[in-house]
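Colleague: model the following, please.
(4 chains)
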Protein chains: 2
Amino acid sequence: MPKKSNAENGKRPTIRDVAARAGVSVPTVSRVLAGNYPVAPATRSKVLRAMRELDYVVNAHARALAGATTKTVAFVVDDVTGPFYAYIARGVEQQAASEGRLCLLCTTHGDPERELAVVELMREQHAEAVIVVGGSWDDGKYHERMRYFASALDRSGSRLVLCGRPSLGDDVPASVVHYDNEGGAYAMTSHLLSAGHRTIAYMGVGVGFSTTDERVRGFRRAHEDYGVAIDESLFIPGEFLKSSGYDLTRELVGGRDDVTAIFAATDMVAAGVLKALREAGISVPEDMSVVGFDDIPLASDLTPALTTVHVPHEELGREAVRLGLRREAEQVVLGTHIVVRETVAPPRRRA
Amino acid sequence: MPKKSNAENGKRPTIRDVAARAGVSVPTVSRVLAGNYPVAPATRSKVLRAMRELDYVVNAHARALAGATTKTVAFVVDDVTGPFYAYIARGVEQQAASEGRLCLLCTTHGDPERELAVVELMREQHAEAVIVVGGSWDDGKYHERMRYFASALDRSGSRLVLCGRPSLGDDVPASVVHYDNEGGAYAMTSHLLSAGHRTIAYMGVGVGFSTTDERVRGFRRAHEDYGVAIDESLFIPGEFLKSSGYDLTRELVGGRDDVTAIFAATDMVAAGVLKALREAGISVPEDMSVVGFDDIPLASDLTPALTTVHVPHEELGREAVRLGLRREAEQVVLGTHIVVRETVAPPRRRA
DNA sequence: CTGAAAGCGCTAACAC
DNA sequence: GTGTTAGCGCTTTCAG
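Modeller: Just a heads-up that it's a prediction; the model follows:
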């Protein structure tokens, strides 16, 4: 039995069917497909026509297997629904698309098991770059795991890109795209300090979390530069959630009255803070100033509109793809800046 | 020269390397990999060990080429950053992951060109299911295009799933997961009507857009059932954007004062409405009632908290994956319901 | 239970 | 310019 043609077979047509129909050899078809090789115009159009007539589409897997690159980048996040991540995702997707790449989306929900599984999947897929987004934990096991991921991916020909988290060290085969947490926190704290605030609560300390560490560092440095001592009880531990901001604020205003400003770890936390304050009849910014961090769209929808630190989310995503595709060990840090809206005022004079 | 081993070669190890190291044949390794075939326990563990020692990972492309399925579903949206889409995306990703599938993410930004390109890409990738999310336009060209996509994907062995938009007809090889726009709008309009409102503006009519058509249908039907005639000038055209709600509301309150309630086409529009009203010194709900549609997280963060229609976003995403993978021509419609918060009150008695 | 043989659809040297 | 010849890494008959 002669080699059966898929086209007649009812299955999807292959390059062989196209070649047959155009009366040329298979490699010729491959050449017009790739377009990076001289082909006679006449042949070319015959092939093109055959492809159209058969409604032919290349098989990406066969192509990947035969050597041509995969054309995919992977995007790994905790959760797509956070506005923070969503905007980075948009940047990643846009840049990927503009560089002719497809984008694989994976979520881990902070589960190390799942994270590992995801990296294995990416190795199977030969993704050109694997972009991991979000802050990182400062424990040894975590670092070890990421270093393993970096080299495992490297061995499989993929590049790991850390986005929004600090580098793992120069010897680790990974690129990093970070943003200036410390600088943003410094600027914002200075803004509060220069308005006259002297007792600022930092709400939402995530212990051992890189994002917190960096932001707190800026917060402390600003205080130092203004010669203001910080009562350590002003660092209030908590998660980066609205509910967390809400609960902690209720506790805070119930317990002490010396705080004149709240630096929320993130805009989501700030949303909770604002809600609790409103319920407690404490007006913002007259009785209490509040600031956030991230500048997610919600920030400008809050009442009053939130003064916060802008993070260039989309650009972060774009840059991550660029770096990952160039496979350079570069490390870029994007700037942040404060956005003044309506939640900061000088502290009210105490009676 | 004998067949060179990749393992020694510095390249990623292949199944052949594993076979050699375990002292078995290649098919045997394949069998323990697939796990769907009897293999002697001893052999099995030898193979497993070899895989571990070599840090072996299967090549998804080779596997896909050799016949095994692709294990990927594609997710096509206008834009990932909308909370509406983000939550559907989460549902899709979760369900895909739980069914052992990878998720490809593509955005089209409403560009038909790009949409076509995306579908071609999906055909190349042999995605098992291609999930297209969001409302659709009611023009002939659009329909024709989607029908083409459906059959093109079908021919390539993929299943098209329409999520959040109406069916294309029973003869089109596609599944659809929709939600009850008309019912939700009907319930919400009734809520307003029963509170005593008689002049309700529907803000954000997207002409020829399926979502609008369905919601407006419910809006009209409720009026009919209450025996209330609708002044057609109450249908205000506009996009589903915050800025649109803002601008239109300014115009509205500047132009007429008979309207006592605003039915915003979406929560985003409602956010703009609320902002404009606040600026105009019109208090909600005392002077004006406002309702939205979608129940995105923002709705409960607004001040006052928005009364709106809940759409089961995540479940929509999950169901889409389920249907796509089962490849049945099913059509499911998920229910919606109103969520009463703080933006509706009886109309103020006119002087 | 395991191995040998034959492709999956495509690209990549080489010749002509 | 175009065809020939080899695989890419894996799964599948089909023998044994």
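
Colleague: from here on, contacts and neighbour counts on C-alpha atoms
Modeller: Noted.

Colleague: what about the residue nearest to A:Asp138 when sequence neighbours are not counted, neighbour count?
Modeller: Counting by CA to CA, 6 or more residues apart in numbering or on different chains, A:Asp138 lies nearest to A:Gly208, which is 5.0 Å off, once chain neighbours are set aside. Close neighbours of A:Gly208, defined as other CA atoms under 10 Å in any protein chain shown, add up to 12.

Colleague: I'd like to know how far A:Gly208 sits from chain B.
Modeller: Noted for A:Gly208: a distance of 27 Å to chain B, by CA to the nearest CA, to the nearest Å.

Colleague: over to A:Arg341?
Modeller: A:Arg341 sits at a distance of 15 Å from chain B (criterion: CA to the nearest CA).

Colleague: now A:Glu93
Modeller: 7 Å.

Colleague: circling back: contacts only, for the residue nearest to A:Asp138.
Modeller: By CA atoms under 8 Å, 6 or more residues apart in numbering or on different chains, the residues touching A:Gly208 are A:Trp137, A:Asp138, A:Asp139.

Colleague: per-residue pLDDT, the first one?
Modeller: Looking back up the chat, that one is A:Trp137. Note for A:Trp137: predicted pLDDT of 83.

Colleague: residue contacts, it?
Modeller: A:Trp137 neighbours (CA under 8 Å, 6+ apart): A:His143, A:Gly208, A:Phe209, A:Ser210.

Colleague: before we move on, what SS does A:Pro13 have?
Modeller: Here A:Pro13 is coil, with the state taken from DSSP: H, G, I helix; E, B strand; the rest coil.

Colleague: DNA strand D contacts on the stretch 1-150 of chain A?
Modeller: Within the stretch 1-150 of chain A, the residues that sit near DNA strand D (CA under 7 Å from any atom of the strand) are A:23-28, A:37-44, A:62, A:65-67.

Colleague: can you rerun that using 10 Å?
Modeller: Taking CA under 10 Å from any atom of the strand as the contact definition, the stretch 1-150 of chain A meets DNA strand D at A:19-20, A:22-32, A:37-47, A:61-68, A:124.

Colleague: which of those residues are buried?
Modeller: A:19, A:22, A:24, A:26, A:28-30, A:32, A:43-44, A:46-47, A:61-65, A:124 (16 or more other CA atoms under 10 Å in any protein chain shown).

Colleague: also within reach of chain B: list those from those residues.
Modeller: Contacts with chain B within those, counted by CA under 8 Å from any CA of the partner chain: A:His61, A:Ala62, A:Ala64, A:Leu65, A:Glu124.

Colleague: contacts only, for the last one.
Modeller: Spelled out, it's A:Glu124. Per CA under 8 Å, 6+ apart, neighbours of A:Glu124: B:Val57, B:Val58, B:Asn59, B:Ala60, B:His61.

Colleague: wait, the first one touches A:Ala117, no?
Modeller: Yep, that's B:Val57 we're talking about. No: counting by CA atoms under 8 Å, B:Val57 sits too far from A:Ala117 to count as a contact (11.6 Å).

Colleague: those two: which has the busier surroundings?
Modeller: Shown here are B:Val57 and A:Ala117; by other CA under 10 Å, B:Val57 has more neighbours (19 against 13).

Colleague: the more buried one and B:Ala68: what is the separation?
Modeller: 16 Å (CA to CA, to the nearest Å).

Colleague: can you check A:Val73 too?
Modeller: 22 Å.

Colleague: same deal with A:Ser98?
Modeller: Counting by CA to CA, the gap from A:Ser98 to B:Ala68 is 31 Å.

Colleague: now the residue in chain A positioned nearest to DNA strand C, nearest residue through space, not along the chain?
Modeller: For chain A and DNA strand C, the shortest gap (CA to the nearest atom of the strand) falls at A:Ile15, measuring 3.0 Å. Nearest residue to A:Ile15, sequence neighbours excluded (CA to CA, 6+ apart): A:Val26, at 6.4 Å.

Colleague: could you point out which element follows the one helix or strand A:Leu274 maps to?
Modeller: Assigned by DSSP states H and E, A:Leu274 falls within helix A:267-279. Remark: after helix A:267-279, the chain's next helix or strand is strand A:289-291, criterion DSSP H and E.

Colleague: quick one: the strands in chain A, in order.
Modeller: Assigned by DSSP state E, the strands in chain A fall at A:72-77, A:102-107, A:129-133, A:159-163, A:174-179, A:200-205, A:235-237, A:261-264, A:289-291, A:308-310, A:331-334, A:337-339.

Colleague: distance of the residue of the stretch 51-200 of chain A found nearest DNA strand D from B:Asp257?
Modeller: Here the stretch 51-200 of chain A gets closest to DNA strand D at one residue, A:Ala66, 3.1 Å apart by CA to the nearest atom of the strand. Distance, A:Ala66 to B:Asp257, using CA to CA: 70 Å.

Colleague: isn't A:Ala265 right up against A:Thr211?
Modeller: No: A:Ala265 is beyond contact range of A:Thr211, at 9.0 Å (criterion: CA under 8 Å).

Colleague: and the residue in the stretch 151-300 of chain A that chain B sits nearest to, what does it touch?
Modeller: Closest contact between the stretch 151-300 of chain A and chain B, by CA to the nearest CA, is at A:Ser156 (5.9 Å). Neighbouring residues of A:Ser156 by CA under 8 Å, 6+ apart: A:Arg123, A:His126, B:Lys11, B:Arg12.

Colleague: lowest-confidence one in those residues?
Modeller: Out of those, that is B:Lys11, at 74.

Colleague: count the residues that sit near that one.
Modeller: For B:Lys11, using other CA under 10 Å, the count is 12.

Colleague: A:Phe235 too?
Modeller: Using other CA under 10 Å: A:Phe235 sits among 16 other residues.

Colleague: how about it, what does it touch?
Modeller: With CA under 8 Å, 6+ apart, A:Phe235 has these contacts: A:Ala201, A:Tyr202, A:Met203, A:Gly204, A:Val205.

Colleague: apply 6 Å and report the result again.
Modeller: If you count contacts by CA atoms under 6 Å, 6 or more residues apart in numbering or on different chains, A:Phe235 has them with A:Tyr202.

Colleague: show me the domain layout of chain A.
Modeller: Using automatic domain parsing, the domain ranges for chain A come out as A:15-58, A:72-180+A:314-334, A:181-312.

Colleague: got the residues of chain A near chain B?
Modeller: For chain A, the contact set with chain B under CA under 6 Å from any CA of the partner chain comprises A:12, A:57-62, A:65, A:81, A:86-87, A:103-105, A:124-125, A:156.

Colleague: next step: those restricted to helices.
Modeller: Residues of the residues of chain A next to chain B located in helices (DSSP state H): A:Ala60, A:His61, A:Ala62, A:Leu65, A:Ala86, A:Tyr87, A:Glu124, A:Gln125.
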